[in-house]
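A.B. asks: Any chance you can model this:
(one chain, ligands or ions: 1)
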Amino acid sequence: MLNIILLGPPGAGKGTQAARLQAERGMIQLSTGDMLREAVAAGTPVGLQAKAIMEKGELVSDAIVSALIGERLDSAGEAGAIFDGFPRTLAQAEALDLLLTERNRSLDHVIELAVDEDALVARITGRFSCARCGTGYHDSFRQPKVAGVCDVCGSTEFVRRKDDNEQTVRTRMAEYRAKTAPILPYYEQRGLVRRVDGMASMDEVAAELATILDGTS
Ligand SMILES: [Zn+2]
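C.D. replies: Got it, this is the predicted structure:
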C-alpha cells in the first residue's frame with residue numbers, strides 16, 4: 001500500500017497522472033477541495049462541521065481537513081493514497097505524518113512533476129482549437145495540415161482560451177512555488193522527494209512514475 005504526495009504546477013499533467021494511478025493501481029486520490037465538497041454534500045459529521053464554517057465565510061481549519069482525510073483513509077481499506085493539495089504548510093505536513101502513523105501507514109514518496117517554466121509558457125500559449133468541432137492544435141507542435149483550415153471539420157474559425165497567456169502561466173507558476181516552498185524542504189530532508197520531467201509525454205511520465213512506485217517494496 002503506497003501513499004504518495006503528488007505535486008505539480010498547472011499544466012504539468014498532474015490530473016491526468018493521478019487519474020491513471022487510480023485506474024491502474026486502485027489508488028485513491030485525496031484532493032482536499034473535492035473531499036470538502038463531497039463531505040458537505042454527503043452530510044458526514046465532519047462535512048456538517050465544515051459546512052457551518054464555510055457558511056460563516058471562514059476558512060476550514062487544519063483540524064477539520066485532517067479529520068476528513070482520516071475518514072477517507074479509514075474507508076479506503078488497503079488502497080494506497082495520492083495526496084493532492086495537502087499538505088500546504090509544515091503544520092499540515094506534521095498532521096499528515098500523524099494521520100498516517102495512527103493507521104500504520106507511511107508516506108512513501110513525494111513526487112513532483114517538474115516543468116521548465118519557459119517551455120511551459122510555450123506549450124500553453126501556443127494552444128488553440130477549432131471553434132466548431134473543438135479539435136486541439138498548437139502553433140509549434142500541431143498545426144492544421146492546411147494552414148487556417150481544421151483537419152477534422154474544415155472550419156476556418158479557431159479560438160484561443162483567454163487563460164492561455166504568458167502572464168497567467170507565470171502567475172500560476174509563482175503561486176505553485178509559494179505553495180510548495182514551505183513543505184518541500186521538510187520532505188527533502190527525509191529523502192522522500194522524487195522529480196519527474198513533467199514536460200515529457202504523458203506515457204513517458206506514467207512510465208517514470210511506475211518505476212518509482214514499483215521500486216518501493
Ligand atoms: Zn474542426
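
A.B. asks: Return the residues of this structure in contact with the ion.
C.D. replies: With the criterion set to CB under 5 Å from the ion, the chain comes near the ion through 130, 132-133, 135, 150, 152-153, 155. All C-beta atoms are positioned from the backbone trio N, CA, C, and that covers glycine.

A.B. asks: Weed out the non-buried ones from those residues.
C.D. replies: Neighbour counting with 16 or more other CB atoms under 10 Å marks 130, 135, 150 as buried within the residues of the chain next to the ion.

A.B. asks: Who are the contact partners of the second one?
C.D. replies: With contacts defined as CB atoms under 8 Å, 6 or more residues apart in numbering, residue 135 is in contact with 129, 150-153.

A.B. asks: next one: the last one
C.D. replies: Taking CB under 8 Å, 6+ apart as the definition of contact, the neighbours of residue 150 are 130, 132-133, 135, 144, 156, 158.

A.B. asks: residues touching the residue lying farthest from the centre of the chain, list them.
C.D. replies: When distances to the mean C-alpha position of the chain are computed (CA atoms, centre = their mean), the maximum falls on residue 146, with 35.9 Å. Residues near residue 146 by CB under 8 Å, 6+ apart: none.

A.B. asks: Bridged to it, which residues?
C.D. replies: Taking DSSP bridges as the rule, residue 146 bridges to residue 149.

A.B. asks: one step back: for residue 63, state which of the residues of the chain next to the ion is nearest.
C.D. replies: Of all those, residue 135 has the smallest distance to residue 63: 47.3 Å, by CB to CB.

A.B. asks: Roughly how far does that closest one sit from residue 121?
C.D. replies: Per CB to CB, to the nearest Å, residue 135 is found 23 Å from residue 121.

A.B. asks: now do residue 25
C.D. replies: 32 Å.

A.B. asks: moving C-terminal of the helix or strand where residue 185 lies, what's the next helix or strand?
C.D. replies: Secondary structure assigned from DSSP states H and E places residue 185 in helix 184-189. As assigned by DSSP H and E, the chain's next helix or strand after helix 184-189 is strand 193-197.

A.B. asks: List the buried residues of that next one.
C.D. replies: By 16+ other CB under 10 Å, the buried positions in strand 193-197 come out as 193-194, 196.

A.B. asks: Of residue 25 and residue 121, give the one with the bigger neighbour count.
C.D. replies: residue 121 (20 against 16; other CB atoms under 10 Å).

A.B. asks: Surely that one and residue 168 touch.
C.D. replies: No. Counting by CB atoms under 8 Å, residue 121 does not reach residue 168; the two are 9.7 Å apart.
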